[in-house]
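# here is my input, please return the structure:
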Amino acid sequence: MKTVFITGANKSIGFETARQLLKEGYSIFLGSRDLKNGQEAVEKLKSEGLDNVEAIQIDISKDESVKSARIEIGKKTDVIDVLINNAGITGGFPQSALEATSQQFLDVFETNVIGQVRVTQSFIDLVKKSNEPRIVMVSSSQGSLTLADDPNNIYYHHKGAVYQPSKSALNMYSLVLAYELRETPVKVNVVDPGFTKTDFNGHRGTGTVEAAAARIAKYAMIANDGPTGKFISEEYNPETGECPW
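So this is what the prediction gives:
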């Protein structure tokens, strides 16, 4: 049975991703900033007959929390087959380039970029022990510089001076990570779940959590001949899935 660790998985897209992978026979460590919320999410999944799941407390914006989560998971498994870096924040809107505060930038980058780095670096030793290791970085097409500059993009007027740069930075980190791991079995892909109706965006999204989670789960389960180092947005490009950087 393959093992997956998903950050920010107590609700919304992360939770649904856990549910879908459990149904595919994976074992899940469900990361949650608040352990009580994580445990409640686990109980909900178990009530559906999905038993191979355990809550792990992790606040990816804090070094000690990530270290503690690594120690806790290390007591339970020697291998993580799939790492899904899902946790993230928006920083609140609107985000004006002239009015957003330095603290907004610090808070969002602490989670959306540095937090992803913390988790990846802390768990990479367990990932490398897998026979078919996968890393999925949950990002957004809002991090695409090409699309942000394209007036024909349907989200062209949806600008966020803090959130968008954080996702652009995460995308670049992921590219470098994939490059450094190119001679290993580890496949690293960036996945945009799409504009999904969740509390993350005040339920303004148009897509479902089921569709969003399926996009993430797809790249968690790719075969050995699957891609690596790709930016995937099936909402933007339903045919090839690839999104411009």
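# residues contacting Asp107?
Ser61, Ile89, Gly91 (C-beta atoms under 8 Å, 6 or more residues apart in numbering). For the C-beta atoms, the positions are set from N, CA and C on the backbone; glycine is no exception.
# so it, which state does it fall into?
Following DSSP: H, G, I helix; E, B strand; the rest coil, Asp107 is assigned to helix.
# so which of the contacts of Asp107 belong to helices?
Judged by DSSP state H, helices contain none of those.
# out of those residues, which is most surrounded?
Most neighbours among the contacts of Asp107, by other C-beta atoms under 10 Å: Gly91, with 22 neighbours.
# is it correct that it is in contact with Leu106?
No. Taking contacts as C-beta atoms under 8 Å, Gly91 lies outside contact range of Leu106: 9.8 Å.
# and Ile6, how far from Asn86?
6 Å (C-beta to C-beta, to the nearest Å).
# scratch that, Ile28 is what I was asking about
12 Å.
# ok, how many other residues are close to Val66?
Neighbour tally, Val66, other C-beta under 10 Å: 23.
# quick check: closest non-adjacent residue to it.
Arg118 (4.6 Å; C-beta to C-beta, 6 or more residues apart in numbering).
# hmm, that neighbour is touching Asp59, no?
No. Using C-beta under 8 Å as the test, Arg118 is too far from Asp59 to be in contact (10.0 Å).
# between these two, which has more neighbouring residues?
Arg118 (23 against 19).
# in a helix, the more buried one, correct?
Yes. Assessed by three-state DSSP, Arg118 belongs to a helix.
# got a list of what it touches?
Ile60, Asp63, Val66.
# what are the phi and psi angles of the first one?
What that stands for is Ile60. phi -70, psi -10 (degrees, to the nearest 10).
# okay, the residue nearest to the spatial centre of the chain and Glu239: tell me how far apart.
Closest to where the C-alpha atoms of the chain average out (C-alpha atoms, centre = their mean) is Asn86, at 2.3 Å. Separation of Asn86 from Glu239 (C-beta to C-beta) stands at 25 Å.
# how about Pro227, nearest residue that isn't a chain neighbour?
Asn189 (6.4 Å).
# flag the shaky bits of this structure, pLDDT-wise.
Counting by pLDDT under 70, the ranges of the chain that qualify are 197-206.
# that one: helices as residue ranges?
12-23, 35-47, 63-74, 102-109, 116-127, 145-148, 163-180, 209-220.
# against the centre of the protein, work out the most remote residue.
Leu98 (28.8 Å).
# list the contacts of it.
Leu98 neighbours (C-beta under 8 Å, 6+ apart): none.
# ok, Ala18 touching Ala9?
Yes. Ala18 lies in contact with Ala9 (C-beta under 8 Å); the separation is 4.9 Å.
# look up how far Glu110 lies from Asp63.
When Asp63 is compared with Glu110 (using C-beta to C-beta), they lie 11 Å apart.
# my bad, should have said Asn224
35 Å.
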